[in-house]
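A.B. asks: pasting the structure only:
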């Protein structure tokens, strides 16, 4: 199974050389990742963050930042590098979510879900996630026992007719920007919850007009205190549906 773009992203971004994958084709893969993985209704896999501009050149720049690591990159960044390469292999049709990728029968869907959970966990085993995704990208069978066979087999597909919420940066250090689009005027709420389901911050509640909306949050709970480091859920509710995304706070 080939890694689609690891050698080629710098070329798409303006460096010398002839790209093996056309920029427009590569951007179409990123759009599929955004629709099928970022916006999944069961488990969001958010490695690639679509740029607000929606321009292909900006999408490629975001991908380049994920893939073209230099020097002593952090292990979590290396895990994300291999995971986005794995998602690109799926989006380009080189890999199927139902194929068996481990010696004990785990599927590619389970591998993606498990690696994403490791990366999202502040105490996750990032090296394990990197190793699993790296092996799959290089056509190597994952050893038995690395991926729990109890991991859900998820059909990653877009959520039809529901709003799409984007956040940057993620992970963040106390400053985030949320963006979503309103097809028509309506009542909207945007709240942050802890993993126990408790509402800790209401970012927005009221009527909004049609169009692109931007909301900024300084990481303070409703009581005024800064939220602690960890994983949170942000829920957007609109007249046409709801969207929940993961948010990771990592203050130094």
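C.D. replies: Yep, it's here. This is a predicted model, so every value here is computed, not measured.

A.B. asks: Identify the residues contacting stretch 229-247?
C.D. replies: With Cβ atoms under 8 Å, 6 or more residues apart in numbering as the test, stretch 229-247 has contacts from 39, 44, 46, 120-122, 159, 161-167, 170, 172, 176, 178, 180, 182-184, 186-195, 200, 203, 248-251. To be clear about C-beta, it is placed using only N, CA and C from the backbone, and glycine gets the same treatment.

A.B. asks: what about it, average pLDDT?
C.D. replies: Per-residue pLDDT over stretch 229-247 has a mean of 87.

A.B. asks: in that stretch, what counts as buried?
C.D. replies: Judged by neighbour count (16 or more other Cβ atoms under 10 Å), stretch 229-247 contains these buried residues: 232, 234, 236, 237, 238, 243, 245, 246, 247.

A.B. asks: Kindly report the same for stretch 109-126.
C.D. replies: For stretch 109-126, the neighbour count (16+ other Cβ under 10 Å) marks 109-116, 118-120, 124, 126 as buried.

A.B. asks: re the thing from before, just the ones of the contacts of stretch 229-247 in strands?
C.D. replies: Using DSSP state E to define strands, the subset of the contacts of stretch 229-247 located there is 166-167, 176, 178, 180, 182, 186-193, 200, 203, 248-249.

A.B. asks: Low-confidence stretches in this protein?
C.D. replies: Within the chain, the ranges that satisfy pLDDT under 70 run 1-20, 157-163, 252.

A.B. asks: quick check: domain ranges of it?
C.D. replies: 9-137, 166-249 (automatic domain parsing).

A.B. asks: what's the closest of those domains to residue 152?
C.D. replies: Comparison of the domains of the chain against residue 152 by Cβ to Cβ identifies domain 9-137 as nearest, at 6.0 Å.

A.B. asks: And the residue nearest the centre of the chain, how close does it get to residue 220?
C.D. replies: Centroid-nearest residue in the chain, with Cα atoms, centre = their mean: residue 46, separated by 0.8 Å. Distance, residue 46 to residue 220, using Cβ to Cβ, to the nearest Å: 23 Å.

A.B. asks: can you check residue 153 too?
C.D. replies: Residue 153 is 39 Å from residue 220, by Cβ to Cβ.

A.B. asks: Mind jotting down where the helices sit in the stretch 1-150 of the chain?
C.D. replies: 9-12, 23-33, 56-67, 75-91, 108-120, 126-137 (DSSP state H, counting those that start in this stretch).

A.B. asks: which ones are touching the closest residue in space to residue 204 that isn't next to it in sequence?
C.D. replies: If the residues on either side of it in the chain are set aside, residue 204 comes closest to residue 190, at 3.9 Å by Cβ to Cβ, 6 or more residues apart in numbering. With contact taken as Cβ under 8 Å, 6+ apart, residue 190 is in contact with 165, 178, 202, 203, 204, 205, 215, 234, 235, 236, 237.

A.B. asks: rerun at 6 Å
C.D. replies: Neighbour list for residue 190: 203, 204, 215, 236 [criterion: Cβ atoms under 6 Å, 6 or more residues apart in numbering].

A.B. asks: Help me confirm that the second one comes into contact with residue 215.
C.D. replies: Yes: if you go by Cβ atoms under 6 Å, residue 204 and residue 215 touch, sitting 5.3 Å apart.

A.B. asks: can you pull the buried residues of the helix or strand where residue 214 lies?
C.D. replies: Per DSSP states H and E: residue 214 is located in strand 211-217. Within strand 211-217, the residues scored as buried using 16+ other Cβ under 10 Å are 213, 215, 217.
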